[in-house]
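1. Show me the folded form of this:
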Amino acid sequence: MVTVGFVVEGESETLLVKSEVFRQWLRENCNLEVVDPVVDAAGNGNMHSRNIGVSIKNLRTRANPDKVVVLADLDPDKHVPCVQARKKIIGSQGIDLVAIAKKAIESWFLADTEAMRRWLGDDAFYEVAPETVTGMPWDRLKELRDKRGRGPGREGFVFARKFIRNHGFDVTRAAQHAQCPSARYFVERLCALGN
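-> Predicted structure coming up:
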């Protein structure tokens with residue numbers, strides 16, 4: 001089994017990597033065993049080649065993984081308009097895989113139709129284009145839930161924890177959505193690392 005360590009942008013990504021569903025999928029399908037700690041770089045400003053080296057060194061010192069994966073949000077703006085620009089900013093030194101959630105990890109939440117249906121209590125829900133929603137995916141989640149009563153809350157990581165634990169978010173289902181190529185890339189490239 002190949003060991004893999006993660007450096008992630010924030011708490012929501014940390015919760016995904018720490019989830020037992022995700023770890024079990026990696027073991028059973030990708031020959032990968034996640035090592036702890038998951039290193040939270042604490043924001044996209046620290047996901048820069050001049051800063052990320054500290055996080056990678058910390059991960060290698062504490063867990064000594066065979067492979068290192070960086071998971072970040074695109075957070076598009078005029079300085080980082082696309083995935084390739086974001087990857088260039090992060091760099092590749094000491095990293096085996098850089099995966100970028102288009103716009104933000106919440107787009108992957110929108111793409112997991114099964115978990116979204118449970119959360120919304122709506123068996124007909126389907127987000128047509130989760131990675132290209134108007135505005136940020138977090139705003140779309142608030143809009144969807146506000147129409148039905150209580151929203152997802154103010155803190156993304158609190159919502160992420162509930163969405164993963166209580167509603168069964170599974171990134172492999174998000175990867176099956178026809179309009180969620182960044183989740184599909186993440187899933188496929190992870191399996192390629194272990195096989």
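
2. domain assignment for this structure?
-> 2-104+169-194, 107-165 (automatic domain parsing).

3. Please tabulate those in CSV, including the columns mean neighbour count and mean pLDDT.
-> Yep, even glycine has a C-beta here, placed from its N, CA and C like the rest. Shown next, in CSV, are those (neighbours: other CB atoms under 10 Å; pLDDT from 0 to 100):
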stretch, mean neighbour count, mean pLDDT
domain 2-104+169-194, 18, 94
domain 107-165, 17, 87
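
4. SS state for residue 76?
-> Per DSSP: H, G, I helix; E, B strand; the rest coil, the secondary structure class of residue 76 is coil.

5. correct me, but it touches residue 104?
-> No - if you go by CB atoms under 8 Å, residue 76 and residue 104 don't touch, sitting 9.3 Å apart.

6. those strands in this protein, which residues are they?
-> Along the chain, counting by DSSP state E, strands occupy 2-8, 32-34, 39-40, 67-73, 97-101.

7. The last one vs strand 67-73, what angle?
-> The reference is to strand 97-101. 20 degrees (axes from the mean of the first three to the mean of the last three CA atoms, to 10 degrees).

8. Output strand 97-101 as CSV, nothing but the C-alphas.
-> Extracted in CSV, the C-alpha atoms of strand 97-101 (Å, rounded to 0.1, in the frame of the first residue of the first chain):
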residue,chain,number,x,y,z
LEU,A,97,-0.4,15.8,-7.4
VAL,A,98,-2.0,19.3,-7.3
ALA,A,99,-5.8,19.2,-7.5
ILE,A,100,-7.9,22.3,-7.8
ALA,A,101,-11.6,22.4,-7.1
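
9. That strand packs against which elements?
-> strand 67-73, helix 83-90, helix 181-194 (3 or more CB pairs under 8 Å, 6 or more residues apart in numbering; DSSP states H and E).

10. Also compute the angle for the shortest one relative to helix 83-90, please.
-> Taking the same axes, to 10 degrees, one finds that strand 67-73 is oriented at 120 degrees with respect to helix 83-90.

11. cool, the longest one as well?
-> Helix 181-194 and helix 83-90 meet at an angle of 50 degrees, taking the same axes, to 10 degrees as the criterion.
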